[in-house]
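S.K.: fold the following and give me the result.
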Amino acid sequence: MDRMQSANIFTTLDLRNAFFHVDIDPSSKKYTSFVTDTGQYELNKMSFGLTNSPSVFQRYIYNVFRDLIKENVVMIYLDDLVISSENETQGIEKLQRVLKTASEYGLELNIKKCQFLKREIEFLGNRIKDGKLYASPLKIKAVMNFPEPKCTKDIRSYLGLTGYFRKFIPHYSAIAKPLSDLLKKDSNFSFGLKERESFNELKQILS
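M.R.: Residues are numbered from 1 along each chain as shown. Have a look, this model is predicted:
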């Protein structure tokens, strides 16, 4: 993410049916068995929903683009690829290298979800524009619309939302402490003045 902040042009690529490119080891196929009215079947390719699918695919896709990752040509997060560049010329050169590698491994793109040579993108919940990192407007909206907590579960949800913006909120831990204290094992839920001030201050900073 830090590397992306020094870039001006971005391309994001979404892989189509990403998990289906990974073969399942023959000894593990029996664990994917399922029955339909036409018989019993086993998966030959990795599928969504399997416990280890994300981690296995992450290793697979890293190995595919290993050299380009080391050269800072592309960044990978599951089936999302991001190319950051100083200018359009460099962006096109990097894109051509990534597409060449993807083609060699039979990887297909979901064109509708791809963005090419943009000055502004959203990636992993962050908005990046002209080399600067901003909080995602959609995630900010979720914080602003969050109702006053009524129980510990609400506090945990709210801190989960605001914690995402920790890097944008100076002294986040200190501001959120009255709320995080409510999550302690021996704490009784009591949403008083200091908790309300903490709750509202986090909203105000993001507004």
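S.K.: continuing past the helix or strand of the chain at the bottom of the mean pLDDT ranking, what's the next helix or strand?
M.R.: Scoring the helices and strands of the chain by mean pLDDT, DSSP states H and E places strand 132-135 at the bottom, with a mean of 77. The C-terminal neighbour of strand 132-135 among helices and strands, as given by DSSP states H and E, is helix 137-144.
S.K.: tell me what that next one is packed against?
M.R.: With contacts taken as 3 or more Cβ pairs under 8 Å, 6 or more residues apart in numbering; DSSP states H and E, helix 137-144 sits against helix 152-163, helix 193-206. Where C-beta positions appear, they are placed from N, C-alpha and C, glycine not excepted.
S.K.: F10 is nearest to which of those?
M.R.: Closest to F10 of the helices and strands packed on helix 137-144, according to Cβ to Cβ: helix 193-206, at 23.7 Å.
S.K.: CA atoms only for that closest one, dumped as PDB, please.
M.R.: Output in PDB follows, covering the C-alpha atoms of helix 193-206 (Å, rounded to 0.1, in the frame of the first residue of the first chain):
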ATOM      1  CA  LEU A 193     -20.700  10.300  29.100                       C
ATOM      2  CA  LYS A 194     -17.100   9.300  28.300                       C
ATOM      3  CA  GLU A 195     -18.200   6.400  26.100                       C
ATOM      4  CA  ARG A 196     -20.500   8.700  24.200                       C
ATOM      5  CA  GLU A 197     -17.900  11.300  23.700                       C
ATOM      6  CA  SER A 198     -15.500   8.700  22.400                       C
ATOM      7  CA  PHE A 199     -18.200   7.300  20.100                       C
ATOM      8  CA  ASN A 200     -19.000  10.800  18.700                       C
ATOM      9  CA  GLU A 201     -15.400  12.000  18.400                       C
ATOM     10  CA  LEU A 202     -14.400   9.100  16.100                       C
ATOM     11  CA  LYS A 203     -17.400  10.000  13.900                       C
ATOM     12  CA  GLN A 204     -16.400  13.700  13.900                       C
ATOM     13  CA  ILE A 205     -12.800  13.000  12.900                       C
ATOM     14  CA  LEU A 206     -14.000  11.000   9.900                       C
END
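S.K.: what's that helix packed up against?
M.R.: Helices and strands touching helix 193-206, as assessed by 3+ Cβ pairs under 8 Å, 6+ apart, comprise helix 137-144, helix 152-163, helix 172-180.
S.K.: want to try JSON lines for those, with distance to L81 as columns?
M.R.: Putting the helices and strands packed on helix 193-206 into JSON lines (distance: least, Cβ to Cβ, whole Å) gives the following:
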{"stretch": "helix 137-144", "distance to L81": "22"}
{"stretch": "helix 152-163", "distance to L81": "27"}
{"stretch": "helix 172-180", "distance to L81": "31"}
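S.K.: no further questions, thank you.
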